[in-house]
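Trainee: Give me coordinates for this.
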Amino acid sequence: MQLTLPFYSSPKVTAKPSTVGAQHSADPTARLPALDRMTVREVLKVVPINRSTLFRWANNGRFPKRHKAGGWLRADVERWLTEHEGDES
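Mentor: Purely as a prediction, here's the structure:
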């Protein structure tokens, strides 16, 4: 189940028409699902903690680690929010 986050809107993905005679020249990003990543600012809008606390929790394993490409995966943040629903900091 995907939570509705008030600041996030999923981008519209449209397939680009392929050129004549090129069967495998389609955009490679259209074939793979995009990783929905959240910036620090976006995470802090839904997790009401201080920025330094966010990084400390991520380093200690209390919060999901940042993705190697940058930011946090939206699915990881949503999973963490549902697991810690009603918890106090």
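
Trainee: quick one: low-confidence ranges for the chain?
Mentor: Filtered on pLDDT under 70, the chain yields the residue ranges 1-35, 88-89.

Trainee: any chance you could map the helices in it?
Mentor: Under the criterion DSSP state H, the chain carries helices at the ranges 28-31, 40-46, 51-60, 74-83.

Trainee: Would you mind giving those helices as JSON lines with mean neighbour count added?
Mentor: Quick note: C-beta positions are derived from backbone N, CA and C, even for glycine. Formatted as JSON lines, the helices of the chain follow (neighbours: other Cβ atoms under 10 Å):
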{"stretch": "helix 28-31", "mean neighbour count": "9"}
{"stretch": "helix 40-46", "mean neighbour count": "15"}
{"stretch": "helix 51-60", "mean neighbour count": "13"}
{"stretch": "helix 74-83", "mean neighbour count": "15"}
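
Trainee: just so I know, which of the ones you listed lies nearest H67?
Mentor: The minimum distance between H67 and the helices of the chain falls on helix 74-83, with 8.1 Å, by Cβ to Cβ.

Trainee: tilt between the closest one and helix 51-60?
Mentor: Angle of helix 74-83 versus helix 51-60, following axes from the mean of the first three to the mean of the last three Cα atoms, to 10 degrees, is 100 degrees.
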